[in-house]
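> sequence-free structure coming up:
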């Protein structure tokens, strides 16, 4: 068994050496289906680098390159990065100077709010999950079920009482308010996910650590937690994606300073009465994809790795 | 084994239940220092619960656990000087072999140099020195087993608990590990409590064996004592392979024979303290059943099945509705065919006689 890892694998790309197992035919089918799924994303990315006027042109332009003559010239456009520049700064009024759009702030808000709330939920949820898994209460499953009911209501149902409560305590429009709300919503999911990971662990391993002299705190931090890293990564990524894309709560509970990208995107597109600027929208969306894409990409190893490491023979 | 030997471990009337299930019921035994002590019994008789109680992972509801004279019943795990090898090995999956071995010493806050030295010593002793940077899941079953052993030995425990450590290994490895465990026992003079459902392991390794049933000890003795003088039907049926033949019947009026389906089985001498007509069971080991020689009067029997095991053959014969097993040398069994008629002799001097109602030995 060699532990040598190529540079590409080391930065996160997965090995492509496994084609022989499934054969080219099946690989091709999966490649085609994957491409179909990826097509909308690709279209948005291409739109983001189109010159502004070409977004709605008929016939549509399809590609920034002809792929060595594969695509006829009338479908090829000249790529530009102008749209990305105008995400952050552009002329807002006719004849005026370019002004800042505030999107640097909105991206910062999205990153801070999403990661803080997901991490907060992860810390509290993991501890709770360990408790539910290792120290079951009388009627354990009932409590777990109750926790999950918070996710059964659509956001639109709970939003009005939440708005009223946030107004009353002055949390409306603050970072703290929206982070706490997202954390609370992620908590149910985190507890369930992490409990299932803890349930998978062999309690013999923990008992071995107790006999080896570990306190309960050490059993948790030195023995249990390292075994569920894959679970932490998976829960983090799923929570991040949910929170990152959340619109309704953000629309109603963030203020001008704490606005997140989905809300700002909506306002950027619908303001001005000049119709929708599709290339600008595509540029925002492309940038919006990047952080979640990176997080998922770098954690994919953990997402794909099995939970049980095969040391315990069952 | 006189009482003068120092006790390493003494359990007194230990009881423990899980909900309505009684796991241990008035369990008592003592283990002398340096002894290889085996807890023997089928699964779910409480062997694991006993070991976990000794380790301190389980607090008993009643009774006392004394380790080297001190009552540890309600004391924490740390400080007992007891280590344990689990049936599942329970290695730390996220740590390398080195870190698995070092873990107990790190928890004892030993200096780094000492940890390093002792880990390397232990790894060498258990032939793990080339695997030291591997994770447990890349090791073979035997290697994982040795890591688990090493992790238990590295602290130099006063008592080593082994919970069916060989159950998860293949047959060849099991044989090697039995020898290895005996060697380690001699080398370190360790007190070992070893739980197993395997008769061969119990008899080949145990200096003293406690036969367990329903959360309690039925009989404690050396392998010879258990084989020669089982205290009841249960022990008699568990010790000895192939298992003892059991013939049910009633005592004859003079208490000197068993009236059974295969005919009267006269005893060597009259039973004391028995009632005529009482239901009883006669046990006889397969090695004490033989074919009748020329001119001898034996029980008429049919050969039902032959199981050649290499140097010996187990022959099952049917007589009077009972099936008796006998062990013959391979040479004596050659030429036998199922369905053949034969006459067999049961040696009355080798009879074990049990009271049917209680299962206790009568003679």
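Thanks, I have the structure now. All figures in this text were calculated on a predicted structure; none of them were measured in a lab. Numbering: from 1, shown residues only, chains lettered A, B, ... in the order given.

> and the nearest residue to residue B:206 once chain neighbours are set aside, what are its bridge partners?
Closest residue in space to residue B:206, ignoring its immediate chain neighbours: residue B:38 at 3.4 Å, by Cβ to Cβ, 6 or more residues apart in numbering or on different chains. Quick note: C-beta positions are derived from backbone N, CA and C, even for glycine. Residue B:38 has the following beta-bridge partners by DSSP bridges: residue B:194, residue B:209.

> mind listing the strands in the stretch 201-350 of chain B by residue range?
Secondary structure of the stretch 201-350 of chain B by DSSP state E, counting those that start in this stretch: the strands cover B:208-213, B:216-221, B:245-251, B:257-260, B:263-266, B:279-284, B:289-291, B:299-308, B:312-319, B:322-329, B:341-346.

> now do the stretch 51-200 of chain B
B:62-67, B:70-71, B:82-85, B:159-163, B:191-196.

> Now tabulate these in CSV and tack on mean pLDDT, mean neighbour count and distance to residue B:214.
Rendered in CSV, the data for those read as follows (pLDDT from 0 to 100; neighbours: other Cβ atoms under 10 Å in any protein chain shown; distance: least, Cβ to Cβ, whole Å):
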stretch, mean pLDDT, mean neighbour count, distance to residue B:214
strand B:62-67, 94, 18, 16
strand B:70-71, 92, 11, 26
strand B:82-85, 94, 26, 23
strand B:159-163, 95, 24, 19
strand B:191-196, 95, 25, 15
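
> Format these as JSON lines; extra columns: distance to residue B:231.
Shown next, in JSON lines, are these (distance: least, Cβ to Cβ, whole Å):
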{"stretch": "strand B:62-67", "distance to residue B:231": "22"}
{"stretch": "strand B:70-71", "distance to residue B:231": "29"}
{"stretch": "strand B:82-85", "distance to residue B:231": "29"}
{"stretch": "strand B:159-163", "distance to residue B:231": "25"}
{"stretch": "strand B:191-196", "distance to residue B:231": "20"}
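
> Quick check: which of those is nearest to residue A:109?
strand B:82-85 (53.0 Å; Cβ to Cβ).

> which secondary structure elements does the closest one contact?
helix A:203-211, helix B:47-55, helix B:141-153, strand B:159-163 (3 or more Cβ pairs under 8 Å, 6 or more residues apart in numbering or on different chains; DSSP states H and E).

> Give the partner strands of the shortest one in its sheet and their orientations.
The partner list of strand B:159-163 in its sheet, established with DSSP bridges, is strand B:82-85 (parallel), strand B:191-196 (parallel).

> Serialize the ones you listed to CSV and add fields for distance to residue B:104.
Shown next, in CSV, are the strands paired with strand B:159-163 (distance: least, Cβ to Cβ, whole Å):
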stretch, distance to residue B:104
strand B:82-85, 7
strand B:191-196, 18
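
> now the helices for the stretch 151-300 of chain A?
A:155-169, A:175-200, A:203-211, A:216-218, A:225-227, A:229-244, A:248-253, A:261-270, A:278-304 (DSSP state H, counting those that start in this stretch).

> list the buried ones in the fourth one?
Judged by neighbour count (16 or more other Cβ atoms under 10 Å in any protein chain shown), helix A:216-218 contains these buried residues: residue A:218.
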